[in-house]
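**Student:** when you get a sec, could you give me coordinates for this:
(one chain, ligands or ions: 2)
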Amino acid sequence: MRIGAIEAGGTKFVCGIGNDRGEIAESISFPTGDPQTTLGRVIAYFKEKQADAIGIGSFGPIDIRKDSPTYGYVTTTPKPGWGNFDFLGTLRREFPVPFGWDTDVNAAAFGEATWGAARGLGSCLYYTVGTGVGIGVYSEGKLVHGLIHPEGGHVLTRRHPDDDFAGACPFHGDCLEGMASGPALEKRWQVKGHELPADHPAWEIEAFYLAQSIAGAILLLSPEKVILGGGVMQQAQLYPLIREAVKRNLNGYLNAGAILEQIDDYIVPPGLGQQAGLCGALALGLSALRNQA
Ligand code: ADP
Ligand code: ZN
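**Tutor:** Ligands and ions are numbered 1, 2, ... in the order given. Coordinates of the predicted model:
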């Protein structure tokens, strides 16, 4: 069985071929350009590959409502050329195979639930903290879609007492993404995130905002695992800071051993590491193949 996987990011695309054990046999990566050029490269890559199904985890917002006339479109993105673009349809016209289609973060959550840190569990959250902040939601054994799809990165925050940064989100200012994305860090401190030393006060503030969101999401959705990925989470000192801040936020209210005693095993990095996104797309493709059968 050969499953195609597409991790469609706003900055770069990764395409690969894998199997039903979550193993990626080969992959390529290239920068995201205009849709025609970018999908031209995707089509050229898969032309020779004989994939039995293809899964796509895409940047958004996207239309994932199966009964919608614009199902498979990238919808309101300001990214030049991509607004109202028929992403899925363009590929479907080339490859007559089952397609899986979901947001990048939902895909990553699904990959982690299938083969990674949330394997065997019926629920998890996947946070990506990078150019933006996104939260994939897997609940009761399914990805959550609802009205559009969850957009947890844009929930408003309560400010850190020492923080007067206005926030970097063009829509909301100080939503989670506005306060805690890579570009927000860079704007607040005037240096790139990876140049800030591990003991810089930036990280306590970063953990404050992420933990606030995580505590709220735990209360709202009751996930069995919280997985934190993306470029900013390469700062490994964030994990203990976030765990402690989540515990302080919840203040003993939730009587769960996972939080009170084993939080190191509850708020974790992706089990699939840097491949969480691509393996997520692979899991979507595999699921599409099985649903068709
Ligand atoms: P994308 O969001 O485009 O998929 P990433 O998840 O790599 O890509 O996120 C890129 C963002 O993460 C940039 O703002 C970058 O400055 C920040 N970043 C990348 N690596 C690090 C690091 N080691 N420490 C802190 N920030 C980082
Ligand atoms: Zn926002």
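**Student:** Lys12: neighbouring residues, count only.
**Tutor:** The local packing of Lys12 (other Cβ atoms under 10 Å) involves 12 other residues. No exception for glycine: its C-beta is placed from N, CA and C like everyone else's.
**Student:** any idea how far ligand 1 is from it?
**Tutor:** Distance, Lys12 to ligand 1, using Cβ to the nearest ligand atom, to the nearest Å: 7 Å.
**Student:** same question for Glu94.
**Tutor:** In terms of Cβ to the nearest ligand atom, Glu94 sits 25 Å off from ligand 1.
**Student:** same check on Asp163?
**Tutor:** Taking Cβ to the nearest ligand atom, one finds Asp163 at 18 Å from ligand 1.
**Student:** look at that residue and give its secondary structure.
**Tutor:** Secondary structure for Asp163, judged by DSSP: H, G, I helix; E, B strand; the rest coil, is coil.
**Student:** for Gly134, same thing?
**Tutor:** Of the three states, Gly134 takes strand under three-state DSSP.
**Student:** and it, how far from Val246?
**Tutor:** 19 Å (Cβ to Cβ, to the nearest Å).
**Student:** can I get stretch 284-293 as CSV, trimmed to CA atoms?
**Tutor:** Written as CSV, here are the backbone C-alpha positions of stretch 284-293 (Å, rounded to 0.1, in the frame of the first residue of the first chain):
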residue,chain,number,x,y,z
LEU,A,284,-5.8,11.2,6.6
GLY,A,285,-5.0,9.5,3.3
LEU,A,286,-5.1,6.1,4.9
SER,A,287,-8.4,6.9,6.6
ALA,A,288,-9.9,8.0,3.2
LEU,A,289,-8.8,4.7,1.6
ARG,A,290,-10.4,2.7,4.4
ASN,A,291,-13.6,4.7,4.3
GLN,A,292,-13.9,4.1,0.6
ALA,A,293,-13.3,0.3,0.9
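**Student:** how far is that stretch from where the chain is centred?
**Tutor:** Centroid separation for stretch 284-293 versus its chain: 21 Å, with Cα atoms, centre = their mean, to the nearest Å.
**Student:** likewise stretch 156-166?
**Tutor:** Between the centre of stretch 156-166 and the centre of its chain there are 24 Å (Cα atoms, centre = their mean).
**Student:** can you pull the contacts of the closest residue to ligand 1 within the stretch 151-293 of the chain?
**Tutor:** Using Cβ to the nearest ligand atom, Gly182 is the residue of the stretch 151-293 of the chain that sits closest to ligand 1, at 2.0 Å. The contact partners of Gly182, by Cβ atoms under 8 Å, 6 or more residues apart in numbering, come to Val129, Gly130, Thr131, Gly193, Gly230, Gly231, Val232.
**Student:** repeat that for Phe99.
**Tutor:** By Cβ under 8 Å, 6+ apart, the contact set of Phe99 is Ala53, Ile54, Gly55, Ile56, Leu88, Leu91, Arg92, Gly285, Ala288.
**Student:** so which of the residues you listed is the closest to Ile64?
**Tutor:** Minimum distance to Ile64 across the contacts of Phe99 is 9.5 Å, recorded for Leu88 (Cβ to Cβ).
**Student:** tell me which element the closest one falls in.
**Tutor:** helix 87-92 (DSSP states H and E).
**Student:** strands - which of the contacts of Gly182 land there?
**Tutor:** Counted as lying in strands by DSSP state E, out of the contacts of Gly182, are Val129.
**Student:** which one of the contacts of Gly182 sits closest to Pro269?
**Tutor:** Nearest to Pro269 among the contacts of Gly182, with distances taken as Cβ to Cβ, is Gly230, at 10.2 Å.
**Student:** measure the closest one to Ala276 for me?
**Tutor:** According to Cβ to Cβ, Gly230 and Ala276 sit 9 Å apart.
**Student:** show me where the stretch 1-150 of the chain has its strands.
**Tutor:** Under the criterion DSSP state E, counting those that start in this stretch, the stretch 1-150 of the chain contains strands at 3-8, 12-18, 24-31, 53-58, 73-74, 85-86, 99-103, 124-129, 133-139, 142-143.
**Student:** ok now the fourth one, how far from the chain's centre?
**Tutor:** Read it as strand 53-58. Counting by Cα atoms, centre = their mean, strand 53-58 comes out at 14 Å from the chain centroid.
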